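Peer 1: 3D, please:
(one chain, ligands or ions: 2)
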Amino acid sequence: MERNNLYPIFLKTSNLHALIIGGGNVAEEKLTFLTKSSPDARVTMVSPMFRKATVDLATKYQVEMITDVYKDTYLKGKHIVIATTDVPEVNVQVYTDCRALDKLVNVADNPPYCDFYMGGIVTKGNVKIAISTNGKSPTTAKRLRQFFEEVIPEDISKMVQNLNEYRKTIKGDFEEKVDKMNQITSPLAPRSLAPKKGIGAFFRKRKVKEV
Ligand SMILES: C[C@@]1(CC(=O)O)C2=NC(=C\c3[nH]c(c(CCC(=O)O)c3CC(=O)O)Cc3[nH]c(c(CC(=O)O)c3CCC(=O)O)/C=C3\N/C(=C\2)[C@@H](CCC(=O)O)[C@]3(C)CC(=O)O)/[C@H]1CCC(=O)O
Ligand SMILES: NC(=O)c1ccc[n+]([C@@H]2O[C@H](COP(=O)([O-])OP(=O)(O)OC[C@H]3O[C@@H](n4cnc5c(N)ncnc54)[C@H](O)[C@@H]3O)[C@@H](O)[C@H]2O)c1
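Peer 2: Ligands and ions are numbered 1, 2, ... in the order given. Just a heads-up that it's a prediction; the model follows:
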């Protein structure tokens with residue numbers, strides 16, 4: 001069976017500088033999901049035309065907007081580049097320029113020209129889940145994202161915080177702490193879940209205060 005060999009990492013997008021090339025529908029979609037997940041991301045956009053809603057979004061998230069066609073000079077200082085123009089030759093040029101400079105590049109909706117894919121992302125406080133279908137079905141990534149947004153309760157972040165505080169109260173050496181932490185969280189693992197209840201039921205039932 002085919003297998004997803006991509007390696008997810010959680011980027012500190014406030015330390016890195018992303019460049020989005022293009023200002024149309026796809027650019028807006030990428031900016032929407034990027035800022036939804038990482039409202040503090042450092043982003044620059046370059047395009048001769050921007051959609052009105054893109055300008056509003058860019059203003060809200062302090063995105064720098066440059067009204068111009070793509071030039072390789074705009075790559076300077078950028079770590080991650082996303083090409084979304086409607087001119088395939090420009091997108092391929094961006095890809096080639098980025099590869100020559102060892103910059104991570106994504107030509108949106110064009111898997112062969114991607115060093116990385118954007119994924120479906122669920123954020124609940126400190127907890128974040130990224131979903132990838134290996135570029136095979138973005139619609140499935142979206143549906144899974146919606147599913148997890150629904151079933152994972154908002155207060156999972158409180159539970160993480162409580163566990164973090166509880167850990168500090170455990171006496172003993174590292175191994176004992178690991179043991180205790182594993183014991184207390186064991187109902188989270190699938191084998192310990194009662195059939196048909198599911199992870200959502202577990203979280204809803206459990207009082208975070210008890211942890
Ligand atoms: C997750 C998400 C994040 C984001 O966009 O940031 C994302 N696409 C989303 C939605 C979406 N995009 C498209 C549809 C209509 C689907 C359809 O038409 O079948 C829908 C669904 C919808 O809108 O309902 C069009 C599309 N997208 C790609 C192709 C090309 C191809 O598949 O070959 C085509 C067909 C173009 C054409 O027909 O020409 C490719 C990519 N899209 C990816 C990410 C990467 C793979 C992620 C993964 O591994 O699953 C990858 C490889 C590259 C990339 O762009 O990074 C976001 C959902 C966010 C959310 O809701 O949470
Ligand atoms: N809209 C979709 O849902 C969708 C889905 C799949 C694939 N696509 C493909 O993705 C591409 C982009 O789609 P879109 O809907 O965002 O198109 P769009 O026409 O809305 O936007 C294209 C943007 O690219 C900019 N642009 C053009 N030349 C440029 C250059 N030299 N430098 C910088 N920016 C430049 C334009 O000013 C515009 O802002 C198209 O090739 C389209 O076929 C779109």
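
Peer 1: now the phi/psi pair for the residue most central in space within the chain, please.
Peer 2: The centroid of the chain falls nearest to residue 121 when counting by Cα atoms, centre = their mean (4.9 Å). For residue 121, the backbone dihedrals (degrees, to the nearest 10) come out as phi -130, psi 130.

Peer 1: for residue 28, same thing?
Peer 2: According to degrees, to the nearest 10, residue 28 has phi -70, psi -40.

Peer 1: quick revisit: partners of the residue nearest to the centre of the chain in the sheet?
Peer 2: residue 130 (DSSP bridges).

Peer 1: name the helix or strand for residue 55, please.
Peer 2: Using DSSP states H and E, residue 55 maps to helix 52-60.

Peer 1: could you do residue 157 as well?
Peer 2: helix 156-169.

Peer 1: any part of stretch 79-94 near ligand 2?
Peer 2: Yes. Looking at stretch 79-94 against ligand 2 by Cβ under 6 Å from any ligand atom, the contacts come from 84-87, 90. Every C-beta, even on glycine, is put in place using the N, C-alpha and C of the backbone.

Peer 1: off-centre distance for the helix or strand that comes right after the helix holding residue 55?
Peer 2: Toward the C-terminal end, the helix or strand that comes next after helix 52-60 (DSSP H and E) is strand 64-67. Centre-to-centre, strand 64-67 and its host chain are 23 Å apart (Cα atoms, centre = their mean, to the nearest Å).

Peer 1: understood, closing this out.
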